[in-house]
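1. structure for this input, please:
(one chain, ligands or ions: 1)
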Amino acid sequence: MTAPLLVALLQGAVLAVTALLVASLIALALGRRTLHGKLNTIFFLLAVITVLGLEVVVRIVWPHLSAEFFDPAGPYRRPLLIHLCFSVPATVILAVMMYTGRFRHRATHRALSGLFLILWTGTVVTGVGYLPGSLNPSVAIHEVATR
Ligand code: HEM
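-> Below is the predicted model:
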């Protein structure tokens, strides 16, 4: 496994679950509340599996990847730290969204939805647009050229 391949796999996963989130919001707009809940439950489970899988992979299976991602001289560290500013709080709020939706804490669920959407948008933009080895070839080519 290489760092660019892992990043590309994660970018694909983020885009796939984002499609689920968008579908869940369309369902909500159409008044299909239960469908919104089901789609977001899948979104939540896939996100949790991805985050836990990532932690196992970079800390236990291929620890050299973690070193490469945080290498101060490497291309990943800065964009990764910016990405984590969004993705870590987004993951925390995601768990709260799951809980408040499932157990009908409506006011909290609605109040946090805007914050969650901002954090998730930041997660997607910084994860897919900034990280090298990415689905955005110009980033990958630029980073490889300046290494
Ligand atoms: C980000 C924008 C979101 C908005 C604006 C939103 C809004 C809503 C609203 C208005 C309801 C109906 C509440 C009620 O009247 O009972 C609802 C229900 C629910 N939401 Fe969300 N939500 C969002 C994201 C999420 C996320 C990220 C999750 C899970 C990870 C989630 C899970 C649920 C669940 C499980 C329900 C209950 C569905 C049911 O009644 O069966 N929502 N949401």
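
2. which residues in this protein form strands?
-> Ranges of strands within the chain: none, based on DSSP state E.

3. show me where pLDDT drops low in it?
-> The chain contains residues with pLDDT under 70 at 133-147.

4. neighbours of the nearest residue to Arg59 once chain neighbours are set aside, how many?
-> Excluding the flanking residues, the one nearest Arg59 by CB to CB, 6 or more residues apart in numbering is Ser66, at 6.2 Å. Every C-beta, even on glycine, is put in place using the N, C-alpha and C of the backbone. By the criterion of other CB atoms under 10 Å, Ser66 has 15 neighbours.

5. neighbours of Lys38, how many?
-> 13.

6. got it, and the one 5 residues further on?
-> Other residues within reach of Phe43 by the criterion other CB under 10 Å amount to 23.

7. wait, what's in contact with it?
-> Counting by CB atoms under 8 Å, 6 or more residues apart in numbering, Phe43 touches 17, 20-21, 24.

8. my read: the residue nearest to Arg59 touches Val57, true?
-> No: contact criterion CB atoms under 8 Å: Ser66 and Val57 do not qualify, at 9.1 Å.

9. which residues in the protein form helices?
-> Here the chain has its helices, by DSSP state H, at 3-29, 33-56, 63-69, 77-102, 106-129, 137-146.

10. what is the longest one packed up against?
-> Packed against helix 3-29, as judged by 3 or more CB pairs under 8 Å, 6 or more residues apart in numbering; DSSP states H and E, are the following elements: helix 33-56, helix 63-69, helix 106-129.
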